[in-house]
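*Asks:* need a 3D model of the following:
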Amino acid sequence: MNDPASIIGGWDERLERPGNITGDFCFINTALHSPGIWDSQAAKTFLHYALPRLQLQLALIFIVTQSLHVLLRRFHLPRITSEILAGIILGPSILGQLPDVQSALFPQEGDVYLDLLSKIGYIFFIFLSGVKMDPKTVLRTGIKAWTIGFLAATVPVIGSLALSTVKLPTLHRYRWPAVKNIATIQTIFPFPVIAAMLVDLKIMNSELGRLALASALISDLVSNLTSNIITYGRVGQMGYAGSIMLHSTVLTVALFLFIFLVGRPICLWIIHSTPEGKPVSKLHVTLMSLLVLVVVLLTDNVGLNYQYGPFLLGLVVPDGPPLGATLADRLEALVSGLLAPLLVTYCGMNMNLFELFDLSFISTVWTILASVYAMKLVGVFVPAVICRVPIRDAVALAFIMSVQGIVQLSFYYYNSVNQTFDGETFSMLTTAVLIQASAANLIVKSLYDYSRMYTGYQKRDIQHTSANSELRVLLCGHRADDVSAGRKVLEASFPSKESPLAVYALHLVELAGRAHPQLIDHQLGQKSSGGTRTEKMIEILTSFEQQYMGFATMQQYTAMSMTKFMHHDICTVAFNKLASLIILPFHRKWNHQGKMILESSSLRAINCEVLELAPCSVAILVDRHKVRRHVSSTYNVGVAFFSGADDREALAYAKRMAQSPDVHLTVVRFVPWDIYAGDSQWDAVLDAEILKETRMQGAHQDNIVYREERVKDGAETALLIHAMEEAFDLIMVGRRHKDDTPQLLGLSEWNDLPELGPVGDMLSAADITTPVSVLVVQHQNLKSI
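*Replies:* Residues are numbered from 1 along each chain as shown. Okay, here's the model as predicted:
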């Protein structure tokens, strides 16, 4: 402690102040910036300066974490496993065994900066989690999710209270707060952790994933409410607690009023100030970030855990565009990619697995952890079975709902800083999170396979659908252009009394600023938040239904989900509606001049996933209807037939179109010079059968033409295919052919888009300016069954 006068002027006397207050203060000389090569004395290395050392620490943490994740993700272990292990490696457990290295890279005086960054990262992580949550979802949740969510939250609470009552008398009094807090933290069901696990396992949009999200939202709210009630009850048992409870209650209510009466109006003002269809400005994002920090300051001074305020503020932010989507878009990468995981790694760095003294209490900690975890598993599994969830799925749901992650770690670290937990208790609790998170991922991965729901699901294609029976088609679209192009194909399908058409339209909307995917059924009067774009798509297909009233039925849905999970929604709707064909939009778009204006890699990824997973036949529609050409009353359809199941499926659909008098169908069969080359005997029989039926149908109908073209290799085939571009409005081709097909030799080497096959790839080239559209058909993928 040094007097300022003595430092400045060398005086020995002290400054006397009223109330026995002196002028003493603590002085810390912190070297922040390194002068680098300009350090003339060269007295210190750059590690003695706070900022360069912090940058090196962050780089080491990031490198070690990512290296471990690259290795461990092959074994289906979650990212949190790599983050905790990285902390153990860089902490006293391993790196600490080299004292000189540890003190140089991670000295004690530098902990404050990592601690501050990790807390800031977690604050914004929990704020974004609140932004993505929609509390109104609770009101729309079914009885199954309510039953599972409520019982899952209440059973562990009752069990943990009973366990604490039994264990406390056997322990020293100073251990009681630790036991009570461990039991309380174990009973929470953090929605952000469960949602992150479902994303990591890629099952968020599955039936199990939707049930887990809905149940987790209810359990999270119920468990937080009960834990706060228990906390107030414990305070109320103290003799002097009346004034404390009154003071705490008043401040808590004041915080809630500030969030609802100040935070919510600011959010609405930002939304009102943002032009429709535009993202929120950077100034408004900065204002919201500042508001988050103000709420954290108020929450901490109220006496609550600092994470409650940002979470409540996130809940009052309207989810989705423009504000919620922009906040998630601008902050997600930095927060979830670097700052929030820093808290997990920092917790690992505070573990010391070699300094364990009170083994008796450690065994008590593990007993409590195992007991409450078992109660949580039972509390989820039993209600799930009662609600008729399959046994295997109920077990998977129990492990999903009971998973632990960054939220539990934040509570553990908060209690460690407050000295409720000592070092060895904190180390054991962090180890428990590592074990439970890793085990839960592996168990759920082995128990739940999304694709197995299609087992035994066969003959859902056009070939096995009678010409006089209803054809069920799932039409998918991201934009109004996709729906307009799909409508043209549906009109060509000729819905009639003898050959009715059932269309299920799925409007795909990217989930922005939300954590909960939605499948909206417009037949039930549910409204989509996709805006005018979705409304326009609905209008286009509604007019189609009215045009073919009695011959075509239309059911429209909107799927709001993350782009990487949209294929789950598509396949689920196709499976539930017994669709025979899924029509997907191509990822490239052209304008009226034939110039390509859009190429979406995310849309291409969706198409590839659907082709792999779909329970029925799939067609990708390459649309060039915007390109101008002469108007004709006849819709000219061409089929390029080589061999195989995909070509037969394309021809079966074309034959159905040919029932319309406005459709002129031309089937061009490409025959190799060696007629015995390429085809298997069974494929040759099936090809001959469907071609025979086509020729017989053409004998009775003037709008069907069949011809054969003999070709030597892929070069001759390419010339004929390009000649077809000028003659047809729509060309239908199969996607897959055998590698040794003589008619396609050499074309596979130039195939840039494998999801279209060699012929489809050639017809969908970006430089083609003719107005021909292409339908690339894949027969039901039996490999996924």
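
*Asks:* every contact and neighbour count from this point should use C-alpha atoms.
*Replies:* Fine.

*Asks:* show me where the stretch 501-650 of the chain has its helices.
*Replies:* Applying DSSP state H, counting those that start in this stretch to the stretch 501-650 of the chain gives helices spanning 532-547, 566-576, 601-613, 645-657.

*Asks:* how about these in JSON lines, adding distance to residue 317?
*Replies:* What follows is the helices of the stretch 501-650 of the chain, written out as JSON lines (distance: least, Cα to Cα, whole Å):
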{"stretch": "helix 532-547", "distance to residue 317": "22"}
{"stretch": "helix 566-576", "distance to residue 317": "25"}
{"stretch": "helix 601-613", "distance to residue 317": "28"}
{"stretch": "helix 645-657", "distance to residue 317": "49"}
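
*Asks:* pull out the buried residues from the helix or strand that contains residue 127.
*Replies:* In this assignment (DSSP states H and E), residue 127 forms part of helix 111-132. Within helix 111-132, the residues scored as buried using 16 or more other Cα atoms under 10 Å are 114, 117-132.

*Asks:* need the contact list for residue 96.
*Replies:* Shown in contact with residue 96 (Cα atoms under 8 Å, 6 or more residues apart in numbering): 90, 102.

*Asks:* could you check how far it is from residue 434?
*Replies:* Look at residue 96 and residue 434: by Cα to Cα, to the nearest Å, they are 20 Å apart.

*Asks:* likewise residue 648?
*Replies:* 53 Å.

*Asks:* and the two? Which one has more around it.
*Replies:* Set residue 648 next to residue 434 and count neighbours by other Cα atoms under 10 Å: residue 648 wins out with 26 against 21.

*Asks:* and that one, what does it touch?
*Replies:* Applying Cα under 8 Å, 6+ apart, the residues near residue 648 are 463, 641, 687, 690, 734.

*Asks:* nearest to residue 69 among the residues you listed?
*Replies:* residue 734 (40.2 Å; Cα to Cα).

*Asks:* next, count neighbours for the closest one.
*Replies:* 29.

*Asks:* cool, and residue 93?
*Replies:* For residue 93, using other Cα under 10 Å, the count is 19.

*Asks:* for it, which three-state class applies?
*Replies:* Assigned with DSSP: H, G, I helix; E, B strand; the rest coil, residue 93 falls in the coil class.

*Asks:* does it touch residue 424 like I think?
*Replies:* No. Shown here, residue 93 and residue 424 do not form a contact pair, counting by Cα atoms under 8 Å, at 11.9 Å.

*Asks:* what touches both of these two?
*Replies:* 351-353.

*Asks:* who wins for neighbours among these?
*Replies:* Neighbour max across these (other Cα under 10 Å) = residue 351, 25 neighbours.

*Asks:* shouldn't that residue be in contact with residue 90?
*Replies:* No. Between residue 351 and residue 90 there is no contact under Cα under 8 Å: 10.1 Å.

*Asks:* tell me the mean pLDDT for stretch 255-269?
*Replies:* Averaged across stretch 255-269, pLDDT comes to 89.

*Asks:* from residue 566, how far off is the spatially most central residue of the chain?
*Replies:* In the chain, the centroid-proximal residue (Cα atoms, centre = their mean) is residue 199; its distance is 4.5 Å. Shown here: residue 199 relative to residue 566, a distance of 12 Å by Cα to Cα.

*Asks:* give me the secondary structure label for residue 706.
*Replies:* strand.

*Asks:* hmm, it is touching residue 666, no?
*Replies:* Yes. Using Cα under 8 Å, residue 706 is in contact with residue 666, at 5.9 Å.

*Asks:* more neighbours: which of those two?
*Replies:* Taking neighbours as other Cα under 10 Å, residue 706 and residue 666 compare with residue 666 leading, 21 against 15.

*Asks:* work out for me the element that one sits within.
*Replies:* Going by DSSP H and E, residue 666 is part of strand 663-672.

*Asks:* which residues are in contact with that strand?
*Replies:* 492, 634-642, 651, 654-655, 657-658, 703-713, 717, 742-743.

*Asks:* now a PyMOL select for only the buried ones of those.
*Replies:* The PyMOL command for the buried members of these (criterion: 16+ other Cα under 10 Å) is given here:
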select buried, resi 492+635+636+637+638+639+640+641+642+651+654+655+657+658+703+704+705+711+712+713+717+742+743
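
*Asks:* give me the average confidence score over stretch 544-552.
*Replies:* Stretch 544-552 comes out at a mean pLDDT of 87.

*Asks:* strands of the stretch 351-500 of the chain, residue ranges please.
*Replies:* With DSSP state E, counting those that start in this stretch as the criterion, the stretch 351-500 of the chain has strands at 471-477.

*Asks:* can you give me the helices in it?
*Replies:* Counting by DSSP H, counting those that start in this stretch, one finds helices in the stretch 351-500 of the chain at the ranges 359-386, 391-401, 406-417, 423-447, 480-492.

*Asks:* list the buried residues for the longest helix along the chain?
*Replies:* Longest helix of the chain, by residue count under DSSP state H: helix 207-236. Buried residues in helix 207-236, counting neighbours by 16+ other Cα under 10 Å, are found at 208-224, 226-227.

*Asks:* now do stretch 643-662
*Replies:* Buried positions in stretch 643-662, judged by neighbour count with 16+ other Cα under 10 Å: 643-660, 662.

*Asks:* can you check stretch 725-745 too?
*Replies:* Neighbour-count burial for stretch 725-745 [16+ other Cα under 10 Å]: 725, 728-737, 741-745.

*Asks:* okay, and the beta partners of the closest residue to residue 658 other than its chain neighbours?
*Replies:* Excluding its sequence neighbours, the residue lying closest to residue 658 (Cα to Cα, 6 or more residues apart in numbering) is residue 665, at 6.0 Å. Residue 665 forms beta bridges with residue 637, residue 704, as assigned by DSSP bridges.

*Asks:* tell me the secondary structure at residue 776.
*Replies:* Assignment for residue 776 (three-state DSSP): strand.

*Asks:* got the contact list for it?
*Replies:* 619-622, 650, 732-735, 756, 760.

*Asks:* what of residue 652?
*Replies:* Here residue 652 is in contact with 462-463, 690 (Cα under 8 Å, 6+ apart).

*Asks:* follow-up on the earlier one: helix or strand for the residue nearest to the centre of the chain, which one?
*Replies:* Using DSSP H and E, residue 199 falls in helix 191-201.

*Asks:* now that helix: how far from the chain's centre is it?
*Replies:* Distance of helix 191-201 from its chain centroid, counting by Cα atoms, centre = their mean, to the nearest Å, is 8 Å.
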